[in-house]
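Colleague: here are the coordinates; sequence isn't available:
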């Protein structure tokens, strides 16, 4: 998988890596048991401090998404909670995809669909009152 | 791994006549990290590094590097044997060829890594048979770096290592620093290249006019430093924003811009209490922080 960091974004680099790895596991790009690049390899590839990689991997291990094996590296190891979550997210993405397809068929433009999603996520209370 | 600082100074000062180059510096550099040492020209970075390496004597104050006292002549020699460094003058002999320089240096260090030296000679494309005096500035820098990197040391201290390097050279240097760090070497380097520092450093220290004005982890910079731009319904006042996390405030009519090192929620809440019609929060890069700190001091 291709990982990236943006040093100018207002988010620590280890959190950026965690988001990307988590997303890859949730979408099935990374499979259970798959090995991630070694700390030095990835640090040199991204040209970031090795501590950034160590922190991202360690935090993801705490979340139950990775397993760190002494001397062998980091492996995707979805525990049952993480696997259930991953499954649910994949189902949710399919549902969202279906819904978007229907809205497009109703003649809505992508920009309008996006705004509708954002409004629903950001201000659910206000919309509930209007209903 | 112990958490004892690899570099520590107490009230370290250096005066040249009437010029106070370094003033009461209290520095603590943690092990196992890449630490960037920022500052404008003449801020005191090189003077500090030379004091750490025992090349010049402090006017007052003291410090340790890898636990050795920098002011003690015998311990200073010992620490220079254990620390790899590249200082302002690259410490090269003009009449030697690249090859001779490598062989000569290797003789001083029992832990010398011939494979590292050979690999870097190829990577940096250094002409083995050329004399140092005929090398370009960038090539001299690369040679000095190669000599420091091949010494497998606990601590690497570099003064402006990117000086004279082209963008590819800078990238190779940064990759070398990352690789050494992955092997457990603590790295401390001064630089003007803010973008590079921002990319590979865990921590930054910034000197201005001989004083330490910033000592912060880059995770904290990214998480907590923000610029908050506010538009208020009536003439804005800086006093309304004298609160935790506010480093400075700039006003222009109804516009107010807060430079914050934390407490963003508290500051935006204050802006809402003042009925701000617009509140925008944007991350602050190291470059903006650098400029701001230099202006404040």
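Modeller: Looks like it came in fine. Note that the structure is a prediction, hence the values are computed from the model and not measured.

Colleague: use CA for all of it now, contacts and neighbours both
Modeller: OK.

Colleague: around chain A, pick out the residues from the stretch 1-150 of chain B.
Modeller: B:33, B:34 (C-alpha under 8 Å from any C-alpha of the partner chain).

Colleague: what about the stretch 1-150 of chain B, any weak spots by pLDDT?
Modeller: Counting by pLDDT under 70, the stretch 1-150 of chain B shows low-confidence ranges at B:1-2.

Colleague: hey, where'd the helices end up in it?
Modeller: Remark: helices assigned in the stretch 1-150 of chain B by DSSP state H, counting those that start in this stretch are B:45-52, B:73-82, B:98-106, B:114-123, B:137-149.

Colleague: now chain A
Modeller: A:13-26, A:39-46, A:50-62, A:80-105, A:110-122, A:124-130 (DSSP state H).

Colleague: how about the first one against chain B, any contact?
Modeller: So the one you mean is helix A:13-26. Yes: part of helix A:13-26 sits near chain B under the criterion C-alpha under 8 Å from any C-alpha, namely residue A:13.

Colleague: okay, now the domains of chain A?
Modeller: Chain A breaks down by automatic domain parsing into domains covering A:13-78, A:82-130.

Colleague: CSV please, covering the helices of the stretch 1-150 of chain B and showing distance to residue B:157.
Modeller: Formatted as CSV, the helices of the stretch 1-150 of chain B follow (distance: least, C-alpha to C-alpha, whole Å):
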stretch, distance to residue B:157
helix B:45-52, 8
helix B:73-82, 10
helix B:98-106, 17
helix B:114-123, 18
helix B:137-149, 9
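
Colleague: dump those helices to JSON lines, plus mean neighbour count.
Modeller: As requested, the helices of the stretch 1-150 of chain B are arranged in JSON lines below (neighbours: other C-alpha atoms under 10 Å in any protein chain shown):
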{"stretch": "helix B:45-52", "mean neighbour count": "23"}
{"stretch": "helix B:73-82", "mean neighbour count": "16"}
{"stretch": "helix B:98-106", "mean neighbour count": "17"}
{"stretch": "helix B:114-123", "mean neighbour count": "15"}
{"stretch": "helix B:137-149", "mean neighbour count": "22"}
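
Colleague: circling back: which of the domains of chain A comes out lowest on mean pLDDT?
Modeller: Sorting the domains of chain A by mean pLDDT places domain A:82-130 lowest, at a mean of 82.

Colleague: domain assignment for chain B?
Modeller: B:7-220, B:225-296.

Colleague: most packed of these?
Modeller: Stretch with highest mean neighbour count among the domains of chain B: domain B:7-220 (a mean of 19; mean count of other C-alpha atoms under 10 Å in any protein chain shown).

Colleague: just how off-centre is that domain within its chain?
Modeller: What separates the centre of domain B:7-220 from the centre of its chain is 9 Å, taken as C-alpha atoms, centre = their mean, to the nearest Å.

Colleague: list the contacts for the closest residue to chain A within the stretch 51-200 of chain B?
Modeller: The stretch 51-200 of chain B approaches chain A most closely through residue B:200 (4.3 Å), counting by C-alpha to the nearest C-alpha. Neighbour list for residue B:200: A:47, A:48, A:49, B:34, B:174, B:178 [criterion: C-alpha atoms under 8 Å, 6 or more residues apart in numbering or on different chains].

Colleague: hmm, which two among those residues are most spread apart?
Modeller: A:47 and B:34 (12.0 Å; C-alpha to C-alpha).

Colleague: what comes up buried for stretch A:81-90?
Modeller: A:82, A:83, A:86 (16 or more other C-alpha atoms under 10 Å in any protein chain shown).

Colleague: list the contacts for the first one?
Modeller: Contacts for residue A:82 (C-alpha under 8 Å, 6+ apart) come out as A:63, A:64, A:65.

Colleague: from those, which is closest to chain B?
Modeller: residue A:63 (19.7 Å).

Colleague: quick check: closest non-adjacent residue to the closest one.
Modeller: residue A:82 (8.0 Å; C-alpha to C-alpha, 6 or more residues apart in numbering or on different chains).

Colleague: how far away is the one you found from residue A:93?
Modeller: As judged by C-alpha to C-alpha, to the nearest Å, residue A:82 and residue A:93 stand 16 Å apart.

Colleague: now do residue A:116
Modeller: Taking C-alpha to C-alpha, one finds residue A:116 at 17 Å from residue A:93.

Colleague: for residue B:293, find the nearest of the helices of the stretch 1-150 of chain B.
Modeller: Nearest of the helices of the stretch 1-150 of chain B (C-alpha to C-alpha): helix B:45-52, 15.6 Å.

Colleague: which ones are touching the residue nearest to the spatial centre of chain A?
Modeller: For chain A, the residue nearest the mean C-alpha position is residue A:23 (2.1 Å; C-alpha atoms, centre = their mean). Listed by C-alpha under 8 Å, 6+ apart, residue A:23 has no contact partners.

Colleague: run the last query once more with 10 Å
Modeller: A:17, A:29, A:30, A:86, A:89 (C-alpha atoms under 10 Å, 6 or more residues apart in numbering or on different chains).

Colleague: from the residues you listed, which is closest to residue B:222?
Modeller: residue A:17 (14.1 Å).

Colleague: so who does the closest residue to the closest one other than its chain neighbours touch?
Modeller: What sits nearest to residue A:17 in space, not counting adjacent residues and going by C-alpha to C-alpha, 6+ apart, is residue A:56, at 6.4 Å. By C-alpha under 10 Å, 6+ apart, the residues touching residue A:56 are A:13, A:14, A:15, A:16, A:17, A:18, A:19, A:21.

Colleague: about what we covered before: okay if I get the buried residues of stretch A:81-90 as CSV plus distance to residue B:238?
Modeller: Below are the buried residues of stretch A:81-90 laid out as CSV (distance: C-alpha to C-alpha, whole Å):
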residue, distance to residue B:238
A:82, 48
A:83, 51
A:86, 49
